[in-house]
Structures are given as structure tokens and as C-alpha cells.
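Student: fold the following for me, if possible:
(chains A, B, C and D)
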There are 2 protein chains.
Amino acid sequence: MERKTSQRVAIENIFQRENRPLGVEEILKEGREIVESLNQATVYRNLKLLVEKGTLKPISHPVLGILYERTGRGHHHHFHCRICDRVFELPGCMLSETSAAPEGFVTEKHEVFLFGICPACGQQQ
Amino acid sequence: MERKTSQRVAIENIFQRENRPLGVEEILKEGREIVESLNQATVYRNLKLLVEKGTLKPISHPVLGILYERTGRGHHHHFHCRICDRVFELPGCMLSETSAAPEGFVTEKHEVFLFGICPACGQQQ
DNA sequence: TCTTTATTGCAAATAAATTTGCAATATTTG
DNA sequence: CAAATATTGCAAATTTATTTGCAATAAAGA
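Tutor: Sure, this is the predicted structure:
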């Protein structure tokens, strides 16, 4: 049966706390602040389990590569801050799929990636 | 000085003819129909030159990875057909950057990827 | 607490994409 | 046409991301 290890708990907590898509490197870095021995392989293994369990799903970001985000939060877009390099989920959708493509194209789904400066970084300037 | 080899010309012609973003594999496959000896390394080397020259630019597609498209065609979105796996450029933009992100986020640019069925594949069904 | 075994850390192994060394080839210019 | 050298094909080398074998560790239940 599945065991509740400190590293597994740490990884899950990081997703809860950050509440945004995270990459392996980021998870590893933050995870080591909680469990200093945390290894890359452990992160990969737990991410795989969490994806299989349906807790997380991988997304492919055009700049940052593969990130993991929590499932079950409905359609949303992604915002990438060029200052802090964090990605945020933006709930809601301002894109009309029917008018997004010309006549003849049947749009079934879409992904929107926004780039710029997040509120936290904007204030510090 | 730069030489006009058959393989270089072939690669440039493929972009002209297809008029859509292309991946290395696709370029190699089509290129070999023109110059059968065409090698992968040659494709990579020529793509690099064309990018440096400013003729092409790489885009990172969330599903297909890195594709190359011709520069100077203004802002557009990308449509990926799940039947033929081709990517098309959709000129125009139906996304309002100001309303795309909540208060506090400063959006500087964006990328939209649409997924579905292209006109050609839609007709064949 | 003891036993079972899931999980971890580490290093080595894979996988996939891209680059590079080098001899052979082909384009360009005199 | 000959000479100079940019370019190619090929295979090996890199690079980066991810996976795996294995012995050591640590949850969980009896």
C-alpha cells in the first residue's frame, strides 16, 4: 500500500502552497527546504504517481517545458512572468473558439499562454 | 561566401510551398523527395543559418515541440490538426490582451494554440 | 517493538534532440 | 577548367531530461 513519506508529503504541500504549475527543478529546490535529502529521482517518481492518481497533470509550456499542475480546476490560461519566471493559472476564458479560426477549421480545444509581468514583480519596480 | 546548394534550395522551397510551420522531421522527409541524400545534420545546419539570417524563426509548440516558421508575417495564432498533424498559421487575433489577464498582470505578448480538424481533413470525413 | 516491503538516494543507464569532426563532394570565382 | 573552400553525409559525441538497478532506509501493521 502507498506510504506517506515525508518527501511525498512535501511535494504535495508545495503544490498546495504555491497553487500554480511547477517544474521539476522548482519542486526539487523547494522540496529540499523541507526534506534536505530530497532527490531528483524521488521527485520524478512521485510526480508520476500523482499524475497516475489524477491529482496532477503535466502541461507543456512553450518556454519552460513540462510543468505539473493540479487537476480539477476547469479551463484556464497560463501567465508567465518574465521577471520571476513563475507561471500562474488565470481562471476564465476570453477566447471565442468559434471565431478563433477561419471558416473550415473545427476548433476543439485551445491553449493560451500570456507573457509579461506578474502583480508581485510589477509592484517592486 | 554562402553557396546555393541543392539541399539548401530544397529546404527553402519547402517552406515556400507549404507556407506553414515545419518541424525537422517533416523538413527532412519532404526534402528527401527532392534531394534523396539529404541528411539530418544538413537540415539542422541550414535551419540554424536561416534563423541567423532572419528568414526563419523557431516556435515551441506545446505538442509538436520546436517548429520553424517564416518571419515577417505579423502576429498570428497556430492551429494544430489532430488528423494530419499539420500546423497552420491563422492570421489575425481575437484575443484582447488587456482583458486577458486579471488586474495587476501586465501582459506584453501572448501565444494561442488551437487544436482540432483542418479544412482538408474535415472534408474527407 | 519487530517484520514486511514501499520508498528513497545515488549513480549509472536511457532516450531523444541537436551538434560536431572529418573526409568527400560540389559550388563559385578567377 | 582549375583551385579554393563552403557544404555535405556519416558517425560519433553532446546535451538535457527522465528512468532504472540496487542497497539502505523508513513507514505501517501485527
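Student: so what's residue A:122 closest to, chain neighbours aside?
Tutor: residue B:106 (5.8 Å; Cβ to Cβ, 6 or more residues apart in numbering or on different chains). For glycine as for every other residue, the C-beta is placed from the backbone atoms N, C-alpha and C.
Student: surely that neighbour meets residue A:117?
Tutor: Yes - counting by Cβ atoms under 8 Å, residue B:106 touches residue A:117, with 4.4 Å between them.
Student: report the distance from the host helix or strand of residue A:110 to the chain centre.
Tutor: Element membership for residue A:110 (DSSP states H and E) is strand A:106-117. Chain-centre distance of strand A:106-117: 15 Å, with Cα atoms, centre = their mean, to the nearest Å.
Student: for chain A, what lies in contact range of chain B?
Tutor: A:59-63, A:77, A:79, A:82, A:88, A:90, A:94-97, A:99-119, A:122 (Cβ under 8 Å from any Cβ of the partner chain).
Student: and the strands in chain A, which stretches?
Tutor: Secondary structure of chain A (DSSP state E): strands located at A:56-61, A:65-70, A:76-81, A:87-91, A:106-117.
Student: in the third one, what counts as buried?
Tutor: Of the residues in strand A:76-81, those with enough neighbours to count as buried (16 or more other Cβ atoms under 10 Å in any protein chain shown) are A:77-81.
Student: now, which of the residues you listed lie close to DNA strand D?
Tutor: Among the buried residues of strand A:76-81, not one lies near DNA strand D by Cβ under 7 Å from any atom of the strand.
Student: show residues contacting the element among helices and strands of chain A having the smallest mean pLDDT.
Tutor: Lowest on mean pLDDT, DSSP states H and E among the helices and strands of chain A sits helix A:97-100, with a mean of 83. For helix A:97-100, contacts defined as Cβ atoms under 8 Å, 6 or more residues apart in numbering or on different chains pick out A:107, A:109-110, B:77, B:90, B:94, B:112, B:114.
Student: returning to what we had before: just the buried ones from the residues of chain A next to chain B?
Tutor: For these, buried by 16+ other Cβ under 10 Å: A:59-62, A:77, A:79, A:88, A:90, A:95, A:100-101, A:105-107, A:110-118.
Student: tell me the contacts of the closest residue to residue A:64 other than its chain neighbours?
Tutor: Among residues not flanking residue A:64 along the chain, residue A:23 sits closest, at 5.9 Å (Cβ to Cβ, 6+ apart). Shown in contact with residue A:23 (Cβ under 8 Å, 6+ apart): A:64-68.
Student: so how do I select the buried members of those residues in ChimeraX?
Tutor: Applying 16+ other Cβ under 10 Å to the contacts of residue A:23 leaves a buried subset, and the ChimeraX line that selects it is:
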select /A:64,67,68
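Student: enumerate the residues of chain A near DNA strand D.
Tutor: Counting by Cβ under 7 Å from any atom of the strand, chain A sits next to DNA strand D at A:1, A:3-6, A:24, A:40-41, A:44-45, A:48, A:65-66.
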